[in-house]
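**Student:** compute the structure for the input listed below.
(one chain, ligands or ions: 1)
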Amino acid sequence: MTPSRELRVFYSTAYSPPSQPSLQRLELAARLLERRGLGRLQAPQAIGRAALHGLHSEAYLQAFFDGVEPLASSQGLPWSPALRDASLAMLGGQLEGAQHALHSGIAMNLARGFHHAVHARGSGFCALNGLALLAHAMPERRIAVLDCDEHGGNGTEEFAARLDNLYAVSVFGTRFGCYGGTRSWAFPVRVREQGFGSYLQALRQGIEIIAGSRPDLLVYQAGVDCHGDDPKNQAGLSTRELFQRDLFVFKAAGLLQLPVLFLVGGGYQRARRVAQLNLNTIVAAHTALGLSRRSAG
Ligand SMILES: [Zn+2]
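**Tutor:** Residues are numbered from 1 along each chain as shown. Sure, this is the predicted structure:
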């Protein structure tokens, strides 16, 4: 498998409706990466209801599609058609991004993974679990998730127990109900107290577990709310350490010849700062995998 020289980035303005300020940073990151020629944007089709059948419970899917409360807002944000459509667009990008990564070696979905959503409901600003979706949609493929958000991927952990082709590794500062379980491994690390070496050690162990599960695809959630200036962080990584984290993951994937789909996670600093940190992840992918830039415009 030869990685594509150019990074394909799945994104559409449907991901970041004006009514959702928390998603506006995705639009900022899209414009920044375009300006710097770091990838080719591709607008995906929104996922349809049929593709979600069985991933989440029927009662929850019906509530989320039709706006039936209280379940429709169980993720913690008030439900609206725009919020639903943004979720469906991002999950469409997740499917198309995974296909692209499987064929070419690497792709990005400029979206969130929604790792807190569980089978029966949303949680922690996550409505539909886009990480578990891939294992659900491709039962013949083994999907490994490496989740490096500030918060543990409790939702993906629940799904790993349900889907025997899903392997979930979470390295986090805040546990958020993620304890490890069936095909799920949890690594709590606080860099301020334990040092960055402990973080790298957790990553190394996580990659070993992933390599041992012989996946067809690595899904890397590069959260930036574990940055030391983020109001929610306990992990305490510096900008440079986040970059080293990303480099480590992309280099490991390259060495293992493992196709990677990567996406961004939380980030609660100023939108521009978050977008810049997301951009650093893209630069790390370029650096580690030798991707080519394209001329702007
Ligand atoms: Zn988070």
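
**Student:** around Arg270, how many other residues sit close by?
**Tutor:** 11 (other CB atoms under 10 Å). For every residue, glycine as well, the C-beta is placed using N, CA and C.

**Student:** my error: substitute Leu41 in the last question.
**Tutor:** 16.

**Student:** do a quick rundown of the strands in the stretch 151-297 of the chain.
**Tutor:** 166-172, 184-188, 217-222, 260-264 (DSSP state E, counting those that start in this stretch).

**Student:** okay, these in a markdown table with distance to the ion next?
**Tutor:** Formatted as a markdown table, the strands of the stretch 151-297 of the chain follow (distance: least, CB to the ion, whole Å):
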| stretch | distance to the ion |
| --- | --- |
| strand 166-172 | 8 |
| strand 184-188 | 14 |
| strand 217-222 | 9 |
| strand 260-264 | 10 |
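
**Student:** looking at those strands, which is buried most?
**Tutor:** strand 166-172 (a mean of 29; mean count of other CB atoms under 10 Å).

**Student:** the ion contacts on this protein?
**Tutor:** Residues of the chain lying close to the ion (CB under 5 Å from the ion) are 149-151, 225, 266.

**Student:** which pLDDT does the model give Pro3?
**Tutor:** Confidence at Pro3, expressed as pLDDT, is 46.

**Student:** pick out the residue in this structure sitting closest to the ion.
**Tutor:** Closest to the ion within the chain is Gly266: 3.0 Å, counting by CB to the ion.

**Student:** please tell me I have it right and Tyr11 contacts Gly97.
**Tutor:** No - Tyr11 lies out of contact with Gly97 (CB atoms under 8 Å); the separation is 9.6 Å.

**Student:** common neighbours of those two, please.
**Tutor:** Asn109 (CB atoms under 8 Å, 6 or more residues apart in numbering).

**Student:** so for Ser57, what's the nearest residue that isn't a sequence neighbour?
**Tutor:** Of all residues not flanking Ser57 in the chain, Ala120 sits nearest, at 4.9 Å (CB to CB, 6 or more residues apart in numbering).
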